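Novice: the sequence and its predicted three-dimensional model are supplied below.
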Amino acid sequence: MCEALRVKVSTIVQLVFIAVAAIAVYGFVRAAQNDQRYSACSSFCAMGPTYAGRDRMAPDFELPDLNGKPTKLSSFRGKTVFLNFWTKTCKPCLEEMPALGELGKVLKKRSDMVLVTVSTDEGVDDVRDTLKVVLNEETPFIVLLDPESTVVRDKFGTKLFPETWIIDPKGIIRARFDGVRDWSDAAVITIGEMVKRPAGCPVEFFRGQPKGKFAALCADEG
């Protein structure tokens, strides 16, 4: 009986040890996942998107650039796309344009991200002149023209400017930013990197507020 009891106790001890080890490993994995999520969301939360987490496909479109060349949104598949809508009559649009210029210069050196802006103004020369004044240099990003707002208004539903969409390499909309942002901030590149990853940042945003079960990840970003 004593030997049987010792075997039983030994078995119980082993099972307890295995259970404790499993809990420890689980806790470590959860902590690592939380750290990864926090790291992925830090810049995203700091920039404060208006909407995020709906993950719908961006509607494809084709518009002419400043040289009249037709350009499709889907031609940038495989890259993170920063898609900015603006018009020269929008003062905030012109205020954020220099920051977009800085972002454009950075992205021109990369093959995995691109900045595309769409102007709803009429006249190629007018758009060029406006950009020369606000940028004080050659435009370092792609500019497309949508004077009838067939894309900006009818496909994306934009009514107020500026508005910037972040589209991942698969063509999925990952976030929308309403209003002026500092696009020259290093956090922008971090966000561009984040949306390329399958997990990305799981925090949802609605009307500028973090929502969902991962909303607490943005708590420290205030």
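Specialist: Looks like it arrived, so ask away.
Novice: helices of the chain, start to end?
Specialist: Using DSSP state H, the helices of the chain run over 2-47, 91-107, 124-135, 186-194.
Novice: hmm, who's touching the shortest one?
Specialist: I take that to be helix 186-194. Here helix 186-194 makes contact (CB atoms under 8 Å, 6 or more residues apart in numbering) with 40-44, 46-47, 80, 82, 103, 106, 112-113, 166, 175, 181, 200-201. In this view, the C-beta of every residue, glycine as well, is placed from N, C-alpha and C.
Novice: can I have the buried ones of the residues you listed as a PyMOL selection?
Specialist: Here is the PyMOL command that selects the buried residues among the contacts of helix 186-194 (16 or more other CB atoms under 10 Å):
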select buried, resi 40+41+42+43+44+47+80+82+103+106+113+166+175+181+200+201
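Novice: can you name the residues that contact the residue lying closest to P202 once chain neighbours are set aside?
Specialist: Excluding the flanking residues, the one nearest P202 by CB to CB, 6 or more residues apart in numbering is F214, at 4.4 Å. Residues in contact with F214 (CB under 8 Å, 6+ apart) are 37, 41, 201-204.
Novice: list just the nearest of these to S149.
Specialist: Each of these was scored against S149 by CB to CB, and E204 proved nearest at 28.2 Å.
Novice: quick check: that closest one vs R110, distance?
Specialist: Separation of E204 from R110 (CB to CB, to the nearest Å) stands at 28 Å.
Novice: looking at those two, which one has more neighbours?
Specialist: The neighbour comparison of E204 against R110 (other CB atoms under 10 Å) goes to E204, with 18 against 12.
Novice: ok, residues contacting stretch 123-135?
Specialist: By CB under 8 Å, 6+ apart, stretch 123-135 touches 66, 68, 88, 94, 97-98, 101, 119, 121, 139, 143, 145.
Novice: hey, what's the residue most central in space within the chain bridged with?
Specialist: Closest to where the C-alpha atoms of the chain average out (CA atoms, centre = their mean) is I166, at 4.3 Å. On the basis of DSSP bridges, I166 takes part in beta bridges with F82, A175.
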